[in-house]
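1. Just to be clear, the model below is a prediction. Sequence and coordinates:
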2 protein chains.
Amino acid sequence: IAKEVAKLLEMKAQLGEDEGKHKFVLKTPKGTRDYGPKQMAIRERVFNAIISCFKRHGAEVIDTPVFELKETLTGKYGEDSKLIYDLKDQGGELLSLRYDLTVPFARYLAMNKITNIKRYHIAKVYRRDNPAMTRGRYREFYQCDFDIAGQFDPMIPDAECLKIVHEILSDLQLGDFVIKVNDRRILDGMFAVCGVPDSKFRTICSSVDKLDKVPWEEVRSEMVGEKGLSPEAADHIGEYVQLHGGLDLIERLLQDPKLSQNKLAKEGLGDMKLLFEYLTLFDITDKISFDLSLARGLDYYTGVIFEAVLLHQGNEHVEEPVSVGSVAGGGRYDGLVGMFDPKGRKVPCVGVSIGIERIFSILEQRLEASEEKIRTTETQVLVASAQKKLLEERLKLISELWDAGIKAEMLYKKNPKLLNQLQYCEETGIPLVAIVGEQELKDGVIRLRIVATREEVNIRRESLVEEIRIRTSQC
Amino acid sequence: IAKEVAKLLEMKAQLGEDEGKHKFVLKTPKGTRDYGPKQMAIRERVFNAIISCFKRHGAEVIDTPVFELKETLTGKYGEDSKLIYDLKDQGGELLSLRYDLTVPFARYLAMNKITNIKRYHIAKVYRRDNPAMTRGRYREFYQCDFDIAGQFDPMIPDAECLKIVHEILSDLQLGDFVIKVNDRRILDGMFAVCGVPDSKFRTICSSVDKLDKVPWEEVRSEMVGEKGLSPEAADHIGEYVQLHGGLDLIERLLQDPKLSQNKLAKEGLGDMKLLFEYLTLFDITDKISFDLSLARGLDYYTGVIFEAVLLHQGNEHVEEPVSVGSVAGGGRYDGLVGMFDPKGRKVPCVGVSIGIERIFSILEQRLEASEEKIRTTETQVLVASAQKKLLEERLKLISELWDAGIKAEMLYKKNPKLLNQLQYCEETGIPLVAIVGEQELKDGVIRLRIVATREEVNIRRESLVEEIRIRTSQC
């Protein structure tokens, strides 16, 4: 028996091994996803809206590699650097996947000695973050960036970036939104007058950055407990960060006895006032909120910062609308290009990044709920046959149509049934069928069927292209 | 003196160290490049040509992540696997950058149990190859793939793939080209009748694959020397691989006493004949060459394979045109999806990949040579001012134009000189200038200047949008 058991166990082990060999997890990497044809159709709609806005504002377009030298990314992202994807050292240069499009843009400017450009860049970026895919937070996600680089008169490009966010979010009809605005100089001035030591500015700033997700009490205890800030300083900050408003608040803070004595804060508030004047001319101040709690984590910002959030509109009686997360953000980063330039020459920059994935999530859910049928091809006509043995005639006709620029398909069967061909059109939304038949071939005509109405007309072969064009011109 | 020297040396060492700290190589990773606005303009032209062809053939579009689980790519690329980029193990899954779009496509089909789809996918792929950037060989490069998956009657989708290559290469006007066609089954049959042992099929196949780059003598000595093939077998292969032609050659080989006895070769030749019949109906056989030397390295092909090469046209008296390299390739891979399916269910596939980078290189060089000025923005109008202190009026006007969908720019200066504003239009090709002036504001008009003719007309403000639309409708 023992022998038999040993034999069986051995067989089992072998089987196990074999199974192990073929066991293969069929999935995309954590935090990533495929886009199927339907998702792509939504994605292209959104991209078109965004690109046409960027082009409306006169932007050129550039592209950069998906990876950069590791050292290009080093020291640009503060505490978030741990989220960078590195490539394996396979000999040669050490590489990392880009974390955003801003640092590659700055590298591009410095490398090509460009001091003046308005460009957009739409591409995927990579962050080893904790994914929350249902809410549109991925490890691989698109950014749509628009930036203005160059030495210009204050706040004119900054105001344009906010106008762009306003245009895009209005155009996409995502519901109500608010664009929060602040300035790194106001934050730093505020930290100074609250008694935060210089060395703690950045880390306290990244605590403030969490205020959109966690309540003040938690942020305060992080400041005091983990980061060793005095309770008085923290409470002082707590008073400021609850402030938000418009021109009136700016005026009030310009009179604030402490802030008005701080050079940085005063500069920031002066520019904020100018910004609001320009935004008034653009007629968009109703969606803009000067918000002292807005911090934004990235190290490279030096001036204006902003972030757009969508507001829940479920219940109009709720006083404070609940934010469903940031869909766009950006700011001024005057020092970043200088970090790459061998002589440290600065190129002032301001830009905005549209966070597409949350917008996709919303539109995808909305489309699913609506049961709207979305076409995933643009095919105008199916080339079909009424009888058997007409494959060659179908091939000849479809080739003529393709060469004339008509979008045409046929079933890849020698002798498909007419019913199956018509069904294919119903399923995929193809509006026309060009039917080849023996009698029609003799008569030099093609039978054209309009799928929606089931109407059929004989068209002379030489007029078919024109007829298809006319009948699908509204598509 | 010694003391002084030591001190100086120490100072020098410190300086060196400081310099070292700031020494930073400002470059993109090896084998990659940025696309500036001009390159992007060319790229978009090429993409548009390719995408409109894919859409004309009724393809849907998908996208997949830039990286896959490492094991997804394992065992798919034969000897080329060493060129795969791996990501660093930072905890979690082991990942690799995609090497092509075909394997991710097969993974996508198996994962979503799709047995029938016609899709295109345009995205970057990554190969740690030796770059030759002037000839358009990069480590990061675009592939534009069109594939048809599904169980269909033989050679109909295969013929469509060749038609697509023909359409795209004709449309892009890159000069004369030839599409070489072969079949893995014909190759394998040929190897069998030449006396190549089964175990050596793949490695001998990858030797044959080099024939477009190195002469037969070298390939032969690799087969015999490195790979241990008998000289007789090699010479026998040598006779076959010099054959190329059309239907006549197919007929001849179908009568070949040895090949016609081999089941695989016979099947392949039969299908090749059918393919040529369909290509005759498409009227493209003049650009197709059945070529027994075409092998293609990738392991996953199972049937028809093809590759399009551009031909030098410099000297018409040269008998054999010199190939400037492959610009498209593809083939049938009926087993790849089954490698991912837990139950091994097969989904037959055939597809084509357009190699965009060489096409870019050619078009870029051509554009540089032609000195044609290429616009990198679509701006219709510059909002300018004739006097000082009109920034606010410019902001108000440009905002109106943007909101009406007009592509408009302005200089980001408070008081720009009119001359500078006009010069900006000349440089960037903006066709119109909308000039705000004090008198015009009083009169309720805007002065519209046509840059090309220097003509100026006063337009009532409420008609400005319409006027700009009309005047730029041909752009």
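-> The structure has been received and is ready for your questions.

2. Kindly state the pLDDT recorded for the nearest residue to A:Ser399 once chain neighbours are set aside?
-> Excluding the flanking residues, the one nearest A:Ser399 by Cβ to Cβ, 6 or more residues apart in numbering or on different chains is B:Phe282, at 4.7 Å. Just so you know, the C-beta spots here come from the backbone N, C-alpha and C atoms, and that holds for glycine as well. pLDDT, B:Phe282: 98.

3. repeat for A:Glu319
-> On pLDDT, A:Glu319 comes in at 47.

4. do the same with A:Ser353
-> 96.

5. can you pull the contacts of it?
-> If you count contacts by Cβ atoms under 8 Å, 6 or more residues apart in numbering or on different chains, A:Ser353 has them with A:100-102, A:143-145, A:328-330.

6. how about A:Val61, what does it touch?
-> A:54, A:119-122, B:37, B:40, B:44, B:376.

7. rerun that using 10 Å as the cut-off
-> Neighbouring residues of A:Val61 by Cβ atoms under 10 Å, 6 or more residues apart in numbering or on different chains: A:51, A:54-55, A:119-122, B:35-37, B:39-41, B:43-44, B:376-377.

8. And the residue of the stretch 101-250 of chain A closest to chain B?
-> Nearest residue of the stretch 101-250 of chain A to chain B: A:Phe152, at 3.6 Å (Cβ to the nearest Cβ).

9. How about A:Ala59: what's its closest non-neighbour residue?
-> Sequence neighbours aside, A:Tyr120 is the residue nearest to A:Ala59 in space, at 4.5 Å (criterion: Cβ to Cβ, 6+ apart).

10. what secondary structure does the one you found sit in?
-> Recorded secondary structure, A:Tyr120: strand (DSSP: H, G, I helix; E, B strand; the rest coil).

11. Verify the contact between it and A:Phe146 for me.
-> Yes: between A:Tyr120 and A:Phe146 there is a contact at 4.7 Å, judged by Cβ atoms under 10 Å.

12. what touches both of the two?
-> Residues touching both A:Tyr120 and A:Phe146 (Cβ under 10 Å, 6+ apart): A:50, A:53-54, A:57, A:59, A:164, A:351-352, A:354.

13. Return the members of the residues you listed classed as buried.
-> Among the shared contacts of A:Tyr120 and A:Phe146, those that count as buried by neighbour count (16 or more other Cβ atoms under 10 Å in any protein chain shown) are A:50, A:53-54, A:57, A:59, A:164, A:351-352, A:354.

14. Of the residues you listed, which belong to helices?
-> Counting by DSSP state H, these place A:50, A:53-54, A:164 in helices.

15. Tell me the pLDDT of A:Cys475.
-> At A:Cys475, pLDDT is 46.

16. next one: A:Arg454
-> Model confidence at A:Arg454 (pLDDT) stands at 95.

17. Also A:His22?
-> With respect to pLDDT, A:His22 scores 51.

18. How is chain A partitioned into domains?
-> A:37-369, A:381-473 (the TED database).

19. Let's test this: what are the backbone torsions at the residue nearest to A:Lys266 when sequence neighbours are not counted?
-> Closest residue in space to A:Lys266, ignoring its immediate chain neighbours: A:Ser260 at 6.0 Å, by Cβ to Cβ, 6+ apart. With angles defined as degrees, to the nearest 10, A:Ser260 sits at phi -70, psi -20.

20. What ranges does the stretch 351-475 of chain A have for its helices?
-> According to DSSP state H, counting those that start in this stretch, the stretch 351-475 of chain A carries its helices in the segments A:356-370, A:391-403, A:418-428, A:438-443, A:464-471.

21. would you turn those into TSV with mean neighbour count?
-> As requested, these are exported to TSV (neighbours: other Cβ atoms under 10 Å in any protein chain shown):
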stretch	mean neighbour count
helix A:356-370	16
helix A:391-403	20
helix A:418-428	14
helix A:438-443	13
helix A:464-471	16
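
22. Dump the ones you listed into TSV; add mean pLDDT as well.
-> Converted to TSV, the helices of the stretch 351-475 of chain A look like this (pLDDT from 0 to 100):
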stretch	mean pLDDT
helix A:356-370	87
helix A:391-403	97
helix A:418-428	96
helix A:438-443	94
helix A:464-471	97
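
23. mind checking which of those is nearest B:Lys287?
-> Nearest to B:Lys287, of all the helices of the stretch 351-475 of chain A, is helix A:391-403, at 14.1 Å by Cβ to Cβ.

24. I'd like to know which elements that closest one is packed against.
-> Under the contact definition 3 or more Cβ pairs under 10 Å, 6 or more residues apart in numbering or on different chains; DSSP states H and E, helix A:391-403 sits against strand A:381-385, strand A:408-409, strand A:432-436, helix A:438-443, helix A:464-471, helix B:37-56, helix B:156-172, helix B:263-281.

25. looking at the ones you listed, which is buried most?
-> Ranked by mean neighbour count under mean count of other Cβ atoms under 10 Å in any protein chain shown, the helices and strands packed on helix A:391-403 are led by strand A:381-385, which reaches a mean of 27.

26. Tabulate the CA atom coordinates of that one in PDB.
-> The C-alpha coordinates for strand A:381-385 follow below in PDB (Å, rounded to 0.1, in the frame of the first residue of the first chain):
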ATOM      1  CA  VAL A 381     -22.300  50.400 -47.000                       C
ATOM      2  CA  LEU A 382     -22.200  46.600 -46.800                       C
ATOM      3  CA  VAL A 383     -21.500  44.900 -50.100                       C
ATOM      4  CA  ALA A 384     -23.800  41.900 -50.100                       C
ATOM      5  CA  SER A 385     -25.000  39.300 -52.600                       C
END
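
27. Run the chain-centre distance for that strand.
-> Distance of strand A:381-385 from its chain centroid, counting by Cα atoms, centre = their mean, to the nearest Å, is 39 Å.

28. That one pairs with which strands, and in what direction?
-> Strand A:381-385 sits in its sheet next to strand A:408-409 (parallel), strand A:432-436 (parallel), going by DSSP bridges.

29. Next to chain B, which bits of the stretch 101-250 of chain A? Give me the list.
-> Residues of the stretch 101-250 of chain A lying near chain B by Cβ under 10 Å from any Cβ of the partner chain: A:104-105, A:107-108, A:110-112, A:114, A:116-119, A:121, A:123-124, A:126, A:128, A:138-140, A:142, A:148, A:150-160, A:163-164, A:167, A:170.
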